[in-house]
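[1] Fold the following and give me the result.
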Amino acid sequence: TWALVVDLKAIIGNQSDDTIKDAQRAKQALDNYAFPVESIIQQIDGAVISKINANDLLNINSQSEQFVNV
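    Numbering: from 1, shown residues only. You can find the predicted model right below:
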């Protein structure tokens, strides 16, 4: 959500020696984010395991309906 993006940016902006790893993970999450809604599964080190964008998911459903209606 938009609020999460704001929170992630705040984590990156408030980076200190104690929170450097959190800031790096927040940056990785933002780097992988695509508007409007992105579902991301990350490992504890920030590596992205899987992600899907809501628009892509809607396109899959639209394409499936087109094939059914043929």
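
[2] Going by C-alpha atoms from here, please, whenever you check contacts or count neighbours.
    Will do.

[3] which residue ends up closest to the midpoint of the protein in space?
    Residue closest to the average C-alpha location in the chain (CA atoms, centre = their mean): Y33, at 3.7 Å.

[4] and that residue, what pLDDT?
    In the prediction, the pLDDT value recorded for Y33 is 78.

[5] List the contacts of it.
    With contacts taken as CA atoms under 8 Å, 6 or more residues apart in numbering, Y33 has the following neighbours: I40.

[6] switch to 10 Å and redo it
    Residues near Y33 by CA atoms under 10 Å, 6 or more residues apart in numbering: V5, K27, S39, I40, K51, I52, N53.

[7] now do S16
    The neighbourhood of S16, defined by CA under 10 Å, 6+ apart, consists of D22, A23.

[8] any idea how far it lies from A47?
    In this structure, S16 and A47 are separated by 21 Å, where distance is defined by CA to CA, to the nearest Å.

[9] again with I12
    17 Å.

[10] Can you pick out the residue with more neighbours from these two?
    Taking other CA atoms under 10 Å, I12 and A47 do not tie; I12 has more neighbours (20 against 12).

[11] Show the secondary-structure elements that the helix or strand hosting the more buried one is packed against.
    Assigning secondary structure by DSSP states H and E places I12 in helix 2-13. Packed against helix 2-13 by the contact rule (3 or more CA pairs under 10 Å, 6 or more residues apart in numbering; DSSP states H and E) you find helix 20-32.

[12] Thank you, goodbye.
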